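Participant: Okay, here's the prediction I keep looking at, along with the sequence it came from:
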Amino acid sequence: MYKLVSGAPADINVLTFGDISVTRHMGPVFSLSDGTNDFEVGLKPVKWKDLDVFLHVPQNFIFKWKGKRAARGDVQFMPHYAILIKTRSKEHVQIENHAYCVTLNNFKERFPNVDVRYPSKSR
């Protein structure tokens, strides 16, 4: 998540997904963290801080597991699902002072000189 200022990203936040819970009344709800604050995203759009970025789970929610063979030969499974992100303008337009939320790979491709990484996991 970042805001475009003078053609460069500012106020960069890396969001990481935590637990998922599903109930018959609330549907799927995901916990997200920006390293400082935790919040939940569900079917109702959630505004990110004071920016024009809204996150929510699609009503046609599909949850899958994808297996990947690791170097040692064991299989690691990762969940796959969608989160909808609505912004004031599209990412490829890049309008000054608009906020955007993109994947880490897309961010690195657009801004290769900005060093951004996922937070390290504490154990």
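Facilitator: Alright, I've got the coordinates.
Participant: Contacts for stretch 72-79, please.
Facilitator: Applying Cβ atoms under 8 Å, 6 or more residues apart in numbering, the contact partners of stretch 72-79 are 20, 63-70. For every residue, glycine as well, the C-beta is placed using N, CA and C.
Participant: Tabulate the CA atom coordinates of it in PDB.
Facilitator: Extracted in PDB, the C-alpha atoms of stretch 72-79 (Å, rounded to 0.1, in the frame of the first residue of the first chain):
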ATOM      1  CA  ARG A  72      13.700 -31.600   0.000                       C
ATOM      2  CA  GLY A  73      10.900 -33.400  -1.800                       C
ATOM      3  CA  ASP A  74       8.100 -32.700   0.700                       C
ATOM      4  CA  VAL A  75       4.900 -30.900  -0.500                       C
ATOM      5  CA  GLN A  76       4.000 -27.500   1.000                       C
ATOM      6  CA  PHE A  77       0.400 -26.300   0.700                       C
ATOM      7  CA  MET A  78      -0.600 -22.700   0.500                       C
ATOM      8  CA  PRO A  79      -4.100 -21.200   0.500                       C
END
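Participant: Taking the contacts of stretch 72-79 together, which two end up most distant?
Facilitator: I20 and R69 (24.3 Å; Cβ to Cβ).
Participant: These two: which has the busier surroundings?
Facilitator: With neighbours defined as other Cβ atoms under 10 Å, I20 and R69 compare such that I20 has more, 14 against 9.
Participant: The chain: strands as residue ranges?
Facilitator: For the chain, applying DSSP state E gives strands covering 2-5, 8-10, 16-23, 27-33, 38-41, 46-47, 53-56, 64-69, 75-80, 84-87, 99-100.
Participant: Right, I'll leave it there.
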